[in-house]
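[1] only the shape, not the letters, is given here:
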């Protein structure tokens, strides 16, 4: 009977260690995923800034193109009048 109790206690100890190891492994994975999520969030913020900057540059380029088109139209009209 003592051997059976000892075997049960030992198996509970082994299962307990495995469970603790599993929990520690899962916690390590959670920590890695949390860090990756934080990095991804930072990358999204940077990407949004780049997109905003690109939009500002695009608007400025469009304005300049419209100004140039207006100047060319005026020059063409003057050339046609002469």
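    Good, I have the coordinates. Source: prediction; values computed, not measured.
[2] okay, CA-based contacts and neighbour counts for the rest of this
    Will do.
[3] how close does the spatially most central residue of the chain get to residue 29?
    Among the residues of the chain, the one closest to the centroid is residue 40, at 2.7 Å (Cα atoms, centre = their mean). Between residue 40 and residue 29 the computed distance is 16 Å (Cα to Cα, to the nearest Å).
[4] host element of residue 56?
    Following DSSP states H and E, one finds residue 56 within helix 2-81.
[5] per-residue confidence averaged over that helix?
    Mean pLDDT, helix 2-81: 88.
[6] and residue 28, how close does it get to residue 72?
    In terms of Cα to Cα, residue 28 sits 65 Å off from residue 72.
[7] before we move on, the earlier item: now the helix holding residue 56, how far from the centre of its chain.
    Here helix 2-81 is found 0 Å from its chain centre; the criterion is Cα atoms, centre = their mean, to the nearest Å.
[8] any idea how many residues pack against residue 76?
    11 (other Cα atoms under 10 Å).
[9] return the distance of it relative to residue 32.
    Taking Cα to Cα, one finds residue 76 at 64 Å from residue 32.
[10] please apply the same query to residue 56.
    According to Cα to Cα, residue 56 and residue 32 sit 36 Å apart.
[11] could you do residue 54 as well?
    Distance check for residue 54 against residue 32: by Cα to Cα, it reads 33 Å.
[12] repeat for residue 1
    Separation of residue 1 from residue 32 (Cα to Cα) stands at 46 Å.
[13] higher neighbour count, those two?
    Using other Cα under 10 Å as the criterion, residue 1 and residue 32 rank with residue 32 on top: 12 against 6.
[14] and the more buried one, how far is that from residue 67?
    Look at residue 32 and residue 67: by Cα to Cα, they are 52 Å apart.
[15] again, but for residue 36
    Distance, residue 36 to residue 67, by Cα to Cα: 46 Å.
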